[in-house]
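*Asks:* Build me a structure from this.
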Amino acid sequence: MKIPATVITGFLGAGKTTAIRHLLENANGKRIALIINEFGDLGIDRDVLGGCGIEGCDEDDVVELANGCICCTVADDFLPTMEALIDRADPPDHIVIETSGLALPKPLVKAFNWPEIRARVTVDGVIAVIDAPAVAAGQFADDPDAVQAAREGDDALDHDSPLEEVFEDQLHCADIVVLNKSDLIDKNELERIRGDLADTVQPGVKIIPTRHGQIDISVLLGVGASVEDVIESRWSHHDDVDGEHDHDDFDSIIVSLSDLDDPSVLEERIREIATAHDVLRVKGFVHVPGKPMRHVVQAVGSRVQRYFDREWRADETRESRLVVIGQTGFDRDAVTAVLQG
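*Replies:* So this is what the prediction gives:
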């Protein structure tokens, strides 16, 4: 019997890691292996999950691919990792793959047709986690025809936004759309968004509102879609470039900070750079003097989430470091100066 694999995709900050954590907390004994792919050089998501304290969430079951976008490094990184997991003496019951917010799911799913893994693993389903408030704010155009019409009518829009293309490709590949953070918008707006998304996704795809990524594990796992068999029928902006795409539209930096007695100060700095410098995402850890626990910071634009997740380990350096992701060309020095105060 093939091992099922679930691909969890979604734009930067939509709540993929939160959804995965909820999934692990409710696995009910199912052995789940995680493959995490991040854009940037600091393994934040793996460390967040590694500090979750969930029974059965062993460190060996969480694999990080930090050498580039998973959809661009299939042969070098993804396939060897998959082979190592399924060759274990006690292989996992299910594999969950969290792509980076900039990854295209279609090339990844196509990789499951490689002979090395096709006979042993199947893509149970592709889950797209969507940031409901972001969509409500009109940050993405879900209708490719409307985008094209706007381009033709305005010389300033000669090129599709790469953010729109990534967002749409993730929706087109999905078997289930998780409309996360739905509690942050009103009911009428939520229904409008669901209607708009329904015009973009494949026929029959369920769009499920959630808050804090909380959704029944039986909904996410066990879809049985065998997506690798039908992936060619799922349209992508990048179908004409043989699965390759360019991440030169995005850039990331790592910023080291001094210890912060009051993390709320950092929250204001993040809002400042989000407004002034087109920063998409900020995530990392902060050391608060006098506090034994590590402080997690995650931001999408100007929306900032902060919390203490676990105690610092004795072998860890208590330091404050953030990954900042933005559009290519953002002012690295200015962003660093604001964050460092």
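*Asks:* Would you mind confirming that residue 301 makes contact with residue 280?
*Replies:* Yes. With contact defined as Cβ atoms under 8 Å, residue 301 counts as touching residue 280 (7.0 Å). For every residue, glycine as well, the C-beta is placed using N, CA and C.
*Asks:* what residues are shared contacts of the two?
*Replies:* Residues touching both residue 301 and residue 280 (Cβ atoms under 8 Å, 6 or more residues apart in numbering): residue 13.
*Asks:* Could you spell out the sheet neighbours of the longest strand along the chain, each with its direction?
*Replies:* As assigned by DSSP state E, the longest strand anywhere in the chain is strand 121-131. Strand 121-131 pairs in its sheet with strand 3-10 (parallel), strand 176-180 (parallel), by DSSP bridges.
*Asks:* what sits up against the shortest one?
*Replies:* Translated: strand 176-180. By Cβ under 8 Å, 6+ apart, strand 176-180 touches 10, 14-15, 18-19, 125-132, 135, 171, 190, 193-194, 197, 201, 205-213, 215, 219-220, 223.
*Asks:* Tell me the helix or strand right after that strand.
*Replies:* As assigned by DSSP states H and E, the chain's next helix or strand after strand 176-180 is helix 187-198.
*Asks:* measure stretch 98-105 end to end?
*Replies:* 10 Å (Cα to Cα, to the nearest Å).
*Asks:* before we move on, what about stretch 321-340?
*Replies:* 10 Å.
*Asks:* wait, residue 118 sits on residue 228?
*Replies:* Yes. Counting by Cβ under 8 Å, residue 118 touches residue 228, with 7.1 Å between them.
*Asks:* and residue 163, which of the strands paired with strand 121-131 is closest to it?
*Replies:* Among the strands paired with strand 121-131, the nearest to residue 163 by Cβ to Cβ is strand 3-10 (12.8 Å).
*Asks:* Just the CA atoms of that closest one, as PDB, please.
*Replies:* C-alpha atoms of strand 3-10 as PDB (Å, rounded to 0.1, in the frame of the first residue of the first chain):
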ATOM      1  CA  ILE A   3       2.100   6.000   1.800                       C
ATOM      2  CA  PRO A   4      -0.200   9.000   1.500                       C
ATOM      3  CA  ALA A   5       1.400  12.500   1.300                       C
ATOM      4  CA  THR A   6      -0.400  15.800   1.900                       C
ATOM      5  CA  VAL A   7       1.000  19.000   0.400                       C
ATOM      6  CA  ILE A   8       0.100  22.100   2.400                       C
ATOM      7  CA  THR A   9       0.600  25.200   0.300                       C
ATOM      8  CA  GLY A  10      -0.400  28.800   0.900                       C
END
